[in-house]
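[1] Build me a model:
(2 chains)
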Amino acid sequence: MVKQTEVTGHDAVVDARNTFCPMPVIQAFQAIKTLSAGKVLKVLATDPGSKADFPAWAESTGNHLLRHEEKDGTFTYWIQKA
Amino acid sequence: MVETLEKLSIDLEEFNRLHAEAHKETGPKRLAIVASKGSLDMVYPPLILATTAVSMGWECGVFFTFYGLDALNKKKFKNLKVSPVGNPAMPAPLEGIPVQVPNIIGAIPGMTSLATIFMKSWMNKASLPSVEQFLNMSNEMGVKLIACSTTMGVMKVKKEDLLPFAEIQGAAAFLHFASKATVTLFI
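    Numbers count the residues shown, from 1 in each chain, chains lettered A, B, ... in the order given. Now for the predicted structure:
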């Protein structure tokens, strides 16, 4: 399980709701490329697979998954660029 | 006795050092895929996995061979089809009516096109990119899209028939690439 960190804000948002794998991860990849290290990307997704995908993606890329929330079928992830 | 144990412990340390060195991760992970099918439904998995791998910081190459080569063929990649015949997994065409198309109906001319139209509309509703969008995205992300030279010879496909970013290779080049892969898949 991902450690939940308090997040104060974010520097960019990706809305990947109503898309399925691989789009949430691909969109996050494209958005995080434009950020500098330490910046935070917020990702919204509805694909239930994203719950497993984002921790794996973060571990693979070295980016930090700071926090995730689930509310009314929407998953929100806060990822800090390494 | 003590001397022997000391020597053993030194040997073990040396072994551990060499073992760690041999298994040290050098460079990024690598995914090597053989894409051997040319139907609409079977072209998606390699492209989905390839783009995902690159998004995870991996290197990736997809070797399009036999019918799979249609995905890199300019004249064909927009018209890949899904066949309703001999495909028990084909969903029922009408939402809410769980009646599948019988094979004998599926064999009537035009039914493959119809099945393809349905499949494309489902993919569209799920916001899944088209094959064309996926290929362009793969190329822009740095996936090596490799055309099998033997297939080109057998199917009379010329270099000009292929998408401009396709690399032409034979089995030896692909195996060389795949021999350094962390994950290899045949689809």
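
[2] how about the strands in chain A?
    For chain A, strands defined by DSSP state E occupy the ranges A:12-16, A:40-45, A:64-71, A:74-80.

[3] out of those, which comes closest to chain B?
    strand A:12-16 (8.9 Å; CB to the nearest CB). For the C-beta atoms, the positions are set from N, CA and C on the backbone; glycine is no exception.

[4] So what does B:Ala112 have for phi and psi?
    Just so we're on the same page, residue B:112 is Thr rather than Ala. The phi and psi torsions at B:Thr112 (degrees, to the nearest 10) take the values phi -70, psi -40.

[5] Find the residue at the geometric middle of chain B.
    By CA atoms, centre = their mean, chain B has its centre lying nearest to B:Pro46, at 2.4 Å.

[6] which parts of chain A sit against chain B?
    A:18-23, A:25-26, A:28-29, A:56-57, A:60-62 (CB under 8 Å from any CB of the partner chain).

[7] wait, what's in contact with the residue nearest to the residue nearest to the centre of chain B when sequence neighbours are not counted?
    Once flanking residues are discounted, B:Pro46 sits nearest to B:Ala35: 4.2 Å by CB to CB, 6 or more residues apart in numbering or on different chains. Listed by CB atoms under 8 Å, 6 or more residues apart in numbering or on different chains, the contact set of B:Ala35 reads B:42-43, B:46, B:62-65, B:68, B:71, B:187.

[8] Of all pairs in those, which one spans the longest distance?
    Greatest spatial distance among the contacts of B:Ala35 (CB to CB): B:Met42 and B:Phe63, at 14.4 Å.

[9] More neighbours: those two, which one.
    The residue with more neighbours, out of B:Met42 and B:Phe63, is B:Phe63; 28 against 17, by other CB atoms under 10 Å in any protein chain shown.

[10] tell me the SS of the more buried one?
    Under DSSP: H, G, I helix; E, B strand; the rest coil, the three-state class of B:Phe63 is strand.

[11] Stretch B:84-100 spans what distance, first to last residue?
    9 Å (CA to CA, to the nearest Å).

[12] close to chain A, is it?
    No - in terms of CB under 8 Å from any CB, no part of stretch B:84-100 sits within range of chain A; the closest distance is 15.7 Å.

[13] how far is that stretch from where the chain is centred?
    Put simply, stretch B:84-100 sits 26 Å off its chain's centre (CA atoms, centre = their mean, to the nearest Å).

[14] Relative to chain B, which residue of chain A is the closest?
    A:Phe29 (3.5 Å).

[15] Quick one: neighbours of that residue, just the number.
    A:Phe29: 22 neighbours (other CB under 10 Å).
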